[in-house]
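J.: Below: sequence and its predicted model.
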Amino acid sequence: AQSVAQPEDQVNVAEGNPLTVKCTYSVSGNPYLFWYVQYPNRGLQFLLKYITGDNLVKGSYGFEAEFNKSQTSFHLKKPSALVSDSALYFCAVRDRVGDDKIIFGKGTRLHILP
Amino acid sequence: DSGVTQTPKHLITATGQRVTLRCSPRSGDLSVYWYQQSLDQGLQFLIQYYNGEERAKGNILERFSAQQFPDLHSELNLSSLELGDSALYFCASSVGVRGDPQYFGPGTRLLVL
């Protein structure tokens, strides 16, 4: 069965430091991979996606994500965190063929400390 | 602003009642998705419609139903409401290709008393 794991409920990072939010998945084949961010009292916003090609994907607000096929991971990264990056981050996977369900991880709350 | 609109923003009702949530997708988007977000269950995919037809089903209860109309807006009907149905309900839209990102509306906050 398809699944997505975000192993950390919360990540704390000091402003200016690099950040990583982890995501691993279990899906047959090569899925589409996505990251979304949710600010308080708002809907989710698309950050970036992996379709094919370069393993390092660049997205909005200076975020990037590294696709690792052997480890079935798609970790979200940013070289220098801002306080305004504090939010809830979701990883999502979607199969390229077959069942068209979208599976979201449980979310990771990112706190950037000033 | 994602371009996806949802009404109402807030809804308070009683157990056993029935409510309808409405969603208008972004201009040009053919797919509409419904999600339920609660504190204990996280973000749960409920159902997807593409150009008026059901395309994928997630963890949607039998008491819940949805449809997408010819003008592409969608409605999610929740009936025989229970306390546990209290949650944020999001609608999202996309062009319709699997690799496309989804654009989420602001959500409807449902409180069942």
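T.: Perfect, thanks for sending it.
J.: then the helix or strand hosting A:Leu33 to PDB, C-alphas only?
T.: According to DSSP states H and E, A:Leu33 maps onto strand A:32-38. The C-alpha coordinates for strand A:32-38 follow below in PDB (Å, rounded to 0.1, in the frame of the first residue of the first chain):
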ATOM      1  CA  TYR A  32       5.200  12.200  -8.500                       C
ATOM      2  CA  LEU A  33       6.400  13.900  -5.300                       C
ATOM      3  CA  PHE A  34       5.200  17.200  -3.900                       C
ATOM      4  CA  TRP A  35       5.800  19.600  -0.900                       C
ATOM      5  CA  TYR A  36       3.100  22.000   0.400                       C
ATOM      6  CA  VAL A  37       3.200  24.500   3.100                       C
ATOM      7  CA  GLN A  38       0.300  25.600   5.300                       C
END
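J.: quick one: it near chain B?
T.: Yes: for strand A:32-38, a contact with chain B is found by Cβ under 8 Å from any Cβ of the partner chain, at A:Tyr32, A:Phe34, A:Tyr36. From N, CA and C alone the C-beta is placed, and that goes for glycine too.
J.: So which of those residues wins on neighbours?
T.: The most crowded member of these, judged by other Cβ atoms under 10 Å in any protein chain shown, is A:Phe34 (27 neighbours).
J.: Enumerate the residues of chain A near chain B.
T.: A:32, A:34, A:36, A:42-46, A:49, A:51, A:90, A:94-96, A:99-107.
J.: What subset of the residues you listed is buried?
T.: The neighbour-count test (16 or more other Cβ atoms under 10 Å in any protein chain shown) marks A:32, A:34, A:36, A:43-46, A:49, A:90, A:94-95, A:101-107 as buried among the residues of chain A next to chain B.
J.: Show me the residues you listed that map onto strands.
T.: A:Tyr32, A:Phe34, A:Tyr36, A:Leu44, A:Gln45, A:Phe46, A:Lys49, A:Phe90, A:Arg94, A:Ile102, A:Ile103, A:Phe104 (DSSP state E).
J.: Quick check: the two most widely separated of the residues you listed?
T.: A:Gln45 and A:Ile103 (18.6 Å; Cβ to Cβ).
J.: Nearest residue to the closest residue to chain A within chain B in space, please, no chain neighbours.
T.: Nearest residue of chain B to chain A, counting by Cβ to the nearest Cβ: B:Phe104, 3.4 Å away. Spatially, and ignoring its direct neighbours in sequence, B:Phe104 is nearest to A:Gly43 (3.4 Å; Cβ to Cβ, 6 or more residues apart in numbering or on different chains).
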